[in-house]
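Novice: Kindly return the folded structure for what I paste below:
(one chain, ligands or ions: 1)
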Amino acid sequence: MELPKLRIENLQPKYPIVQGGMAVRVSTASLAGAVANAGGIGLIGATAMSMPELREEIRRSREIADGGIVGINVMYAATEFADIVHTAIDEGIDVIFTGAGFSRDIFKWGKEAGVPIVFIVSSAKAARIAEKYGASAVVAEGCEAGGHLGTLRSVKEIVPEIREAVDIPVIAAGGIVSGKDMFDMIKLGASGVQMATRFVLSYECSVADEFKKMYLNAKEDDVVIIRSPVGLPGRAIRNEFVKLLEENKAPVPKSCSRCLKKCSKEYCIVKALNNSKDGKVDEGIVFVGKNVFKIKEILHVEEIFEKLLSEYYAAQTFS
Ligand SMILES: Cc1cc2nc3c(=O)[nH]c(=O)nc-3n(C[C@H](O)[C@H](O)[C@H](O)COP(=O)(O)O)c2cc1C
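Specialist: Okay, the predicted model is just below:
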């Protein structure tokens, strides 16, 4: 099986590989630009960025991408959702990925500007609705994914159902860390894959070394499901902060910038994610995909692509 072509409207990356957007400055220009340059689609995690910062990140990522495809990921749950989308469109972004809530408006804004909108879903029903409103592709994200989860079902179950339900491209996400995983997803009907955890363990990802060390040291049992004030479950590495959360002792925020449309305020998720990204890993949440324990090394983005492609073709030969 040849690598499928991932065509999202008029965009077609060299390889059908998307680097999943990671909020609170985990996927910034250095990573998204490098992925785009290597032939994939690189996504800046725009949620929680200020507008000048977002503009700067998009410009920087374009320089690194050298003509490659760069997009943003934005969560509908963010208060500044509309501003983020308009700022990215104004900066000439190639594509917008969105999820964690449904917005009809984004499809209208995308259409007016000629920017494809890719919707992140976890069920055939949601995929059908997204297609009806004008999504150019969907990401079918299973429970193996890092960050907030829309389902507790496996990507292996939902990809065939979603493939069956819609005519637009389906990009599989959750727990994909090797070319063999990619091959399996494509066999199930995906036109491409979205991967995040594998790309955190790259030199181009700008998180603190302590964050990457947590990833490298994580064993299978260390990855757990946590409660998030957003109202969705999340997948993260068990650490001191998660233990506090399990005992209902997570620090209650002293102040609040109302960055989310809905928030239980049990703890501040943005502060917790920022802390860990900056290296204070025990005072924060380290979001991660289920299969992090299978990744053994930090590589350059280009090396990750080479490895994925050679593993993909090896899987094909032995299938
Ligand atoms: C640290 C981290 C932060 C994430 N932040 C976001 C986000 O802001 N928006 C989003 O839609 N998905 C987010 N995700 C999910 C990823 O984009 C991706 O779909 C998912 O992690 C894929 O699974 P994998 O990590 O096993 O490859 C995040 C994942 C991680 C690991």
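Novice: can you tell me the helix or strand for Val270?
Specialist: Per DSSP states H and E, Val270 falls inside helix 269-277.
Novice: what's that helix in contact with?
Specialist: The contact list for helix 269-277 (CB atoms under 8 Å, 6 or more residues apart in numbering) reads 23-26, 48, 207-208, 211, 214, 228-230, 241, 250, 253, 257, 259-260, 263, 281, 283-287. Yep, even glycine has a C-beta here, placed from its N, CA and C like the rest.
Novice: For that helix, list every residue counted as buried.
Specialist: Using 16 or more other CB atoms under 10 Å as the test for burial, helix 269-277 gives Ile269, Val270, Lys271, Ala272, Leu273, Asn274, Asn275, Ser276, Lys277.
Novice: so what's the first one scoring on pLDDT?
Specialist: The per-residue pLDDT reported for Ile269 equals 95.
Novice: Can you tell me how far it is from the ligand?
Specialist: For Ile269, the distance to the ligand equals 11 Å [CB to the nearest ligand atom, to the nearest Å].
Novice: so where is the stretch 1-150 of the chain shaky, pLDDT-wise?
Specialist: For the stretch 1-150 of the chain, applying pLDDT under 70 flags the ranges 1.
Novice: which parts of it sit against the ligand?
Specialist: 20-23, 26, 45, 47, 73, 75, 99, 120, 141, 144-147 (CB under 6 Å from any ligand atom).
Novice: Inside strands: which ones of those?
Specialist: Judged by DSSP state E, strands contain the following of those: Gly45, Asn73, Met75, Gly99, Ile120, Glu141, Gly147.
Novice: Leaving out chain neighbours, which residue sits closest to the fourth one?
Specialist: In space, not counting the residues next to it along the chain, Gly99 is nearest to Ile120; the distance is 3.0 Å by CB to CB, 6 or more residues apart in numbering.
Novice: Closest to Asp222 out of the residues of the stretch 1-150 of the chain next to the ligand?
Specialist: Gly146 (13.1 Å; CB to CB).
Novice: Which pLDDT value goes with the nearest residue to the closest one once chain neighbours are set aside?
Specialist: Excluding the flanking residues, the one nearest Gly146 by CB to CB, 6+ apart is Gly289, at 4.1 Å. Looking at Gly289, its pLDDT is 98.
Novice: contacting residues around Gly289?
Specialist: Gly289 touches Glu144, Ala145, Gly146, Gly174, Gly175, Val177, Ala196, Thr197, Val223, Arg235, counting by CB under 8 Å, 6+ apart.
Novice: Recalculate using a threshold of 7 Å.
Specialist: Glu144, Ala145, Gly146, Gly174, Gly175, Ala196, Thr197, Arg235 (CB atoms under 7 Å, 6 or more residues apart in numbering).
Novice: In this structure the second one contacts Val177, no?
Specialist: In this case it means Ala145. No: applying CB atoms under 7 Å, one finds Ala145 not in contact with Val177, separated by 11.7 Å.
Novice: With neighbour numbers in mind, choose between those two.
Specialist: Ala145 (29 against 22; other CB atoms under 10 Å).
Novice: Please name the nearest non-neighbouring residue to the more buried one.
Specialist: Looking at Ala145 with CB to CB, 6+ apart, the closest residue is Gly174, at 3.7 Å.
Novice: and the gap between that neighbour and Glu161?
Specialist: 14 Å (CB to CB, to the nearest Å).
Novice: okay, those two: which has more neighbours?
Specialist: Taking neighbours as other CB under 10 Å, Gly174 and Glu161 compare with Gly174 leading, 33 against 17.
Novice: That one touches Gly146, doesn't it?
Specialist: No: between Gly174 and Gly146 there is no contact under CB under 7 Å: 8.4 Å.
Novice: how about the strands in the stretch 1-150 of the chain?
Specialist: 17-19, 41-45, 69-75, 95-99, 117-121, 137-141, 147-148 (DSSP state E, counting those that start in this stretch).
Novice: In the third one, which residues are buried?
Specialist: This points to strand 69-75. Of the residues in strand 69-75, Ile69, Val70, Gly71, Ile72, Asn73, Val74, Met75 count as buried by neighbour count, 16+ other CB under 10 Å.
Novice: Tell me who's in contact with the third one.
Specialist: Pointing back at Gly71 there. Ile41, Leu43, Ile93, Asp94, Val95, Ile96, Phe97.
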